[in-house]
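>>> One predicted model, sequence on top.
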Amino acid sequence: AQSVTQPDIHITVSEGASLELRCNYSYGATPYLFWYVQSPGQGLQLLLKYFSGDTLVQGIKGFEAEFKRSQSSFNLRKPSVHWSDAAEYFCAVGGIDGGGADGLTFGKGTHLIIQP
Amino acid sequence: NAGVMQNPRHLVRRRGQEARLRCSPMKGHSHVYWYRQLPEEGLKFMVYLQKENIIDESGMPKERFSAEFPKEGPSILRIQQVVRGDSAAYFCASAFLASGTHNEQFFGPGTRLTVL
């Protein structure tokens, strides 16, 4: 069965500092990987996705993520965070088993707090 | 192009009542997914539907929950005889699937169900 682990429940970062959010996945086939962001009381917005090809993917809002198959990881990074980045971040995995149509499996999320 | 629409945004029910949650996918999307988010948790996949067909309901509770996506109109998630444990945010996502591509799921703003 597929699973996603986000080891950090909360992370506090100073504004302007760099950020890395960790994500490890377990999936028996070629994974499709996603990072979503959720602001309080809102839906999910896709930050970036990895399907194939270059293992370093660029997303919106200055985020990037690197797929490392050997480590089963897909960590999210940002070189300099802004106060508006405070939110909940979810890593998710889907696959091609269903022809690319699987429901996604989400991690439990990392709550990002930005200090002034 | 309007995004995924969900209504109502907030729904309050008393124990034993029925809850009906609606989801209108993005224009041109014929695939709908429902997810449930419990407090302090990530999203859990419930069901995947295409027009007039349930494709995967492996995440649906065996009793009281049902979903449909008729030929015309929105997708409906129906919860009969609600209990307090059904209190959660319910998110709908839609996707357009073309041959050889993966589904990028676009999420609605969610319906927050409170059972008194």
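Done, it's in. Please read all numbers here as calculations on a predicted model, not as lab measurements.

>>> Now do the contacts for the closest residue to residue B:105 other than its chain neighbours.
Using CB to CB, 6 or more residues apart in numbering or on different chains and skipping residues adjacent in sequence, the residue nearest residue B:105 is residue B:93, 3.9 Å away. C-beta coordinates here come from the backbone N, C-alpha and C atoms, glycine included. Residues counted as contacts of residue B:93 (CB atoms under 8 Å, 6 or more residues apart in numbering or on different chains) are B:4, B:32, B:33, B:35, B:105, B:106, B:107, B:108.

>>> Can you report how many residues neighbour the fifth one?
Read it as residue B:105. A count of neighbours around residue B:105, defined by other CB atoms under 10 Å in any protein chain shown, yields 29.

>>> repeat for the last one
Around residue B:108 sit 24 other residues, with neighbours defined as other CB under 10 Å.

>>> what does the second one give?
Neighbouring residues of residue B:32 were enumerated by other CB under 10 Å; the total is 27.

>>> ok, back up a step: out of the contacts of residue B:93, name the ones that lie in strands.
The strands, defined by DSSP state E, take in B:32, B:33, B:35, B:106, B:107 from those.

>>> so the last one bridges to which residues?
I take that to be residue B:107. Under DSSP bridges, the beta-bridge partners of residue B:107 are residue B:93.

>>> Same check on the third one?
The residues paired with residue B:35 through beta bridges, assigned by DSSP bridges, are residue B:45, residue B:91.

>>> follow-up on the earlier one: what would the ones in strands among the contacts of residue B:93 look like in JSON lines with distance to residue A:48 and pLDDT?
JSON lines is the format used below for these (distance: CB to CB, whole Å; pLDDT from 0 to 100):
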{"residue": "B:32", "distance to residue A:48": "23", "pLDDT": "94"}
{"residue": "B:33", "distance to residue A:48": "19", "pLDDT": "94"}
{"residue": "B:35", "distance to residue A:48": "19", "pLDDT": "96"}
{"residue": "B:106", "distance to residue A:48": "14", "pLDDT": "89"}
{"residue": "B:107", "distance to residue A:48": "15", "pLDDT": "92"}
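
>>> Closest residue of chain B to chain A?
residue B:45 (3.4 Å; CB to the nearest CB).

>>> need the residues of chain A near chain B, please.
Contact residues, chain A versus chain B (CB under 8 Å from any CB of the partner chain): A:4, A:6, A:32, A:36, A:41-46, A:49, A:51, A:90, A:92, A:94, A:96, A:98-109.

>>> List buried residues within those residues.
Neighbour counting by 16 or more other CB atoms under 10 Å in any protein chain shown classes A:4, A:6, A:32, A:36, A:43-44, A:46, A:49, A:51, A:90, A:92, A:94, A:100-109 among those as buried.

>>> and the residue of chain B closest to chain A, what does it touch?
A:103, A:104, A:105, B:33, B:35, B:58, B:59.

>>> from these, which ones fall inside strands?
A:105, B:33, B:35.

>>> ok, which residues in chain B are in contact with chain A?
B:4, B:31, B:33, B:35, B:40-48, B:55-56, B:58-59, B:91, B:95, B:97, B:101-110, B:112.

>>> quick one, phi psi at residue A:83?
phi -60, psi -30 (degrees, to the nearest 10).
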